[in-house]
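J.: Using only what follows, build the 3D model:
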Amino acid sequence: MDNSSGDSSGVGVLDKAALVLGALESGPATLAGLVGATGLARPTAHRMAVALEYHRLLARDMQGRFVLGPRLAELAAAAGEDRLLAAAGPVLTQLRDLTGESAQLYRRQGDMRICVAAAERLSGLRDTVPVGSTLPMKAGSAAQILLAWEEPERLHHGLQGARFTATALSGVRRRGWAQSIGEREPGVASVSAPVRGPSNRVVAAVSVSGPIERLTRHPGRMHAQALLDAAGRLTEALRRTGG
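T.: Okay, the predicted model is just below:
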């Protein structure tokens, strides 16, 4: 008989799956390790682990041990996006009011970046980027931010055909913010800073953009600190709710 001690939801198969996943929180385990940690019978533990592996909730390491699978990271990222969007509204509104320019939040999706939240300048000449807009990863300060901290292989791929260089991205990493002048669109300047998730990985870029006539050809001098402060608030919101 399975010794699946602890709280029960009344749905046995889910309780057993939760036991197996929880047993791997501290690191990889062999089947024997899962049996010992969960109290499940060996055939049950094996059946649950193989089923969870099929759904990518578990995987195997180089030694064949069970580990938590990539689907969990994908689900965590989706939950993080919800938290990010919940926090973005007031932060972008404050950023817009402080800088007098339109503010946006971008996330990367493949070779594109998507505007997932925005607070538009209320009047006068402005750079309007509607929520849901997809823009290339080859130009603009937000693209620089979303690429600068990538792994070397993805960084090299992303630089092919880009309007910015590896040297420019090195400067972005050193300063902690990026700027662009007429890079994405003639006459438009922007400044961006990175938003980081609980693991410190860059998950989004917060930006302000507007006409060069107002932002000048050195927009970072005017607005970098405001962007860093806004990015810091969003990062803190993700870390606080991400446990």
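J.: Have a look at this structure and report its longest helix.
T.: Longest helix in the chain, counting residues (DSSP state H): helix 70-99.
J.: Okay, now the unreliable bits of the chain?
T.: 1-7, 77-81, 241-243 (pLDDT under 70).
J.: Over to the spatially most central residue of it. Which of the three states is it?
T.: Note on the chain: the residue nearest the mean C-alpha position is Val203, at 2.2 Å, using CA atoms, centre = their mean. Secondary structure assignment for Val203 (DSSP: H, G, I helix; E, B strand; the rest coil): strand.
J.: Any figure for the gap between the nearest residue to it once chain neighbours are set aside and Ala37?
T.: Closest residue in space to Val203, ignoring its immediate chain neighbours: Gly197 at 4.4 Å, by CB to CB, 6 or more residues apart in numbering. The way it works is simple: take the backbone N, C-alpha and C, and place the C-beta from them, glycine included. Computed as CB to CB, to the nearest Å, the Gly197 to Ala37 distance reads 28 Å.
J.: With Ala87 instead?
T.: 36 Å.
J.: Neighbour count for those two, which is higher?
T.: Neighbours per residue (other CB atoms under 10 Å) separate Ala87 from Ala37, with Ala87 holding more: 21 against 17.
J.: Skip the chain neighbours and tell me the closest residue to the more buried one.
T.: The spatially closest residue to Ala87, leaving aside those adjacent along the chain, is Ala237, at 3.8 Å (CB to CB, 6+ apart).
J.: Surely the one you found is in a helix?
T.: Yes - membership of Ala237 in a helix is supported by three-state DSSP.
J.: show me what contacts it?
T.: Applying CB atoms under 8 Å, 6 or more residues apart in numbering to Ala237 gives the contacts 83-84, 86-87, 91.
J.: Identify the residues contacting the residue nearest to Arg65 when sequence neighbours are not counted.
T.: Taking CB to CB, 6+ apart, and ignoring the residues beside it in sequence, Arg65 has Pro28 as its nearest neighbour in space, at 3.9 Å. Taking CB under 8 Å, 6+ apart, we find Pro28 in contact with 61, 63, 65-67.
J.: Can you say which of these are buried?
T.: 65-66 (16 or more other CB atoms under 10 Å).
J.: Just put the contacts of Pro28 in a markdown table and tack on distance to Ala224 and secondary structure.
T.: Below are these laid out as a markdown table (distance: CB to CB, whole Å; DSSP: H, G, I helix; E, B strand; the rest coil):
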| residue | distance to Ala224 | secondary structure |
| --- | --- | --- |
| Asp61 | 42 | coil |
| Gln63 | 47 | coil |
| Arg65 | 46 | coil |
| Phe66 | 46 | strand |
| Val67 | 40 | strand |
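J.: possible to save the contacts of Pro28 as a markdown table with distance to Arg126?
T.: Shown next, in a markdown table, are those (distance: CB to CB, whole Å):
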| residue | distance to Arg126 |
| --- | --- |
| Asp61 | 51 |
| Gln63 | 56 |
| Arg65 | 55 |
| Phe66 | 53 |
| Val67 | 48 |
